[in-house]
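S.K.: sequence-free structure coming up:
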């Protein structure tokens with residue numbers, strides 16, 4: 001997308017994140033028995049990854065090798081100067097919080113479902129309009145979407161006795177298909193590797209908003225973490241705590257906006273800003289804490305959506 005006047009333009013993309021391992025975008029505030037919960041939107045209670053965290057991750061991922069002066073100037077123009085001289089100019093890249101798109105839920109058949117809901121999908125459609133990538137088929141599907149329906153593919157591996165779906169301890173009856181929605185997410189939200197995209201289309205379930213919110217709140221992973229006394233092989237005093245994770249297969253997305261660079265040392269158009277990020281972005285990034293324990297690994301796609 002390109003917006004603005006002749007003197008200022010904006011380019012936009014969607015950044016999709018697909019959790020390959022459990023992710024802990026921590027909030028830093030204990031809730032009940034969970035010492036380290038994930039961060040959530042206050043009004044929906046859906047998990048999110050803060051845009052500030054994402055921008056820092058992308059900044060580090062795109063950091064040029066030492067000695068690459070030209071790329072170093074581009075890097076500063078795109079992401080902004082270091083904190084010590086941040087008054088020089090602002091960066092050219094804007095990244096929103098990563099919002100929940102599809103949440104994995106345990107299923108009686110088919111192992112697990114990717115669950116979403118009308119409110120999530122309507123917000124996605126609104127964000128697509130914002131980046132100039134509105135999809136007519138998706139828009140039409142959402143206009144006719146019953147907010148109380150349970151939708152999935154008619155040949156979904158989740159179905160029990162041909163029409164029922166059992167997620168966690170809840171039994172649902174299938175009310176219809178959501179083909180346009182399934183196809184759009186499979187084409188854009190995950191890698192087109194012939195497996196993940198195919199399975200997303202087969203396992204996607206559109207649930208009512210309240211049901212989806214229940215799973216997003218109560219179907220996360222809560223893990224006990226301990227520190228051991230090496231000599232006695234017992235838990236150290238105060239070293240037992242509980243940590244919440246978004247489960248593997250969670251899918252989120254963020255809106256990425258690029259402007260012309262504001263640096264006097266490096267002039268970049270909005271398109272060149274996005275090109276710099278696309279070239280430097282690895283296929284997998286690490287999000288949240290616990291990097292050394294293999295947590296937070298997410299496959300990423302900076303997509304000009306179709």
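M.R.: Thanks, I have it. None of the values given here were measured: they were computed from a predicted structure.

S.K.: The stretch 201-306 of the chain: strands as residue ranges?
M.R.: Counting by DSSP state E, counting those that start in this stretch, the segments of the stretch 201-306 of the chain that form strands are 204-206, 221-225, 228-229, 234-235, 241-245, 251-259, 284-286, 297-303.

S.K.: So what touches stretch 290-303?
M.R.: 13-24, 188-191, 243, 245, 256, 274, 277-278, 281-289 (CB atoms under 8 Å, 6 or more residues apart in numbering). In this view, the C-beta of every residue, glycine as well, is placed from N, C-alpha and C.

S.K.: Can you say which of those residues are buried?
M.R.: 13-19, 21-24, 188-190, 243, 245, 256, 274, 277, 281, 285-289 (16 or more other CB atoms under 10 Å).

S.K.: Restricted to helices, list those residues.
M.R.: Among the buried ones among the contacts of stretch 290-303, the members falling in helices are 188, 274, 277 (criterion: DSSP state H).

S.K.: ok, so of these, who is nearest residue 132?
M.R.: residue 274 (13.4 Å; CB to CB).

S.K.: surely the closest one meets residue 11?
M.R.: Yes - between residue 274 and residue 11 there is a contact under CB atoms under 8 Å: 5.0 Å.

S.K.: circling back to that earlier point, put together JSON lines for the strands of the stretch 201-306 of the chain, with mean pLDDT on each row.
M.R.: Shown next, in JSON lines, are those (pLDDT from 0 to 100):
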{"stretch": "strand 204-206", "mean pLDDT": "98"}
{"stretch": "strand 221-225", "mean pLDDT": "90"}
{"stretch": "strand 228-229", "mean pLDDT": "77"}
{"stretch": "strand 234-235", "mean pLDDT": "76"}
{"stretch": "strand 241-245", "mean pLDDT": "90"}
{"stretch": "strand 251-259", "mean pLDDT": "96"}
{"stretch": "strand 284-286", "mean pLDDT": "95"}
{"stretch": "strand 297-303", "mean pLDDT": "93"}
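
S.K.: who wins for proximity to residue 160 among the ones you listed?
M.R.: strand 204-206 (12.9 Å).

S.K.: Run through who's touching the closest one.
M.R.: In contact with strand 204-206 (CB under 8 Å, 6+ apart) are residues 102, 105, 113-118, 121, 145, 149-153, 156, 158, 165, 167, 178, 181-182, 185-186.

S.K.: List the beta-bridge partners for residue 298.
M.R.: residue 19, residue 285 (DSSP bridges).

S.K.: Could you check how many residues crowd around it?
M.R.: Neighbours of residue 298 under the rule other CB atoms under 10 Å: 24.

S.K.: Please apply the same query to the one 5 residues further on.
M.R.: Using other CB under 10 Å, residue 303 has 16 neighbouring residues.

S.K.: okay, the strands of the stretch 201-306 of the chain, which one's buried deepest?
M.R.: strand 204-206 (a mean of 26; mean count of other CB atoms under 10 Å).

S.K.: any idea how far that strand is from the chain center?
M.R.: For strand 204-206, the separation from the chain centroid amounts to 17 Å (computed by CA atoms, centre = their mean, to the nearest Å).

S.K.: Equivalent analysis for stretch 167-181, please.
M.R.: Computed by CA atoms, centre = their mean, the chain-centroid distance of stretch 167-181 equals 22 Å.

S.K.: How about residues contacting it?
M.R.: 105-108, 113, 115-116, 121, 137-138, 140-142, 145-146, 149-154, 156, 159, 163-166, 204-207, 211, 215, 219.

S.K.: Low-confidence ranges, this structure, go.
M.R.: By pLDDT under 70, the low-scoring segments of the chain are 1-8, 28-29, 31, 65-70, 84-87, 305-306.

S.K.: Can you give the domain ranges for it?
M.R.: 1-25+51-96+251-306, 39-48+101-219 (automatic domain parsing).

S.K.: Perfect, that will be all.
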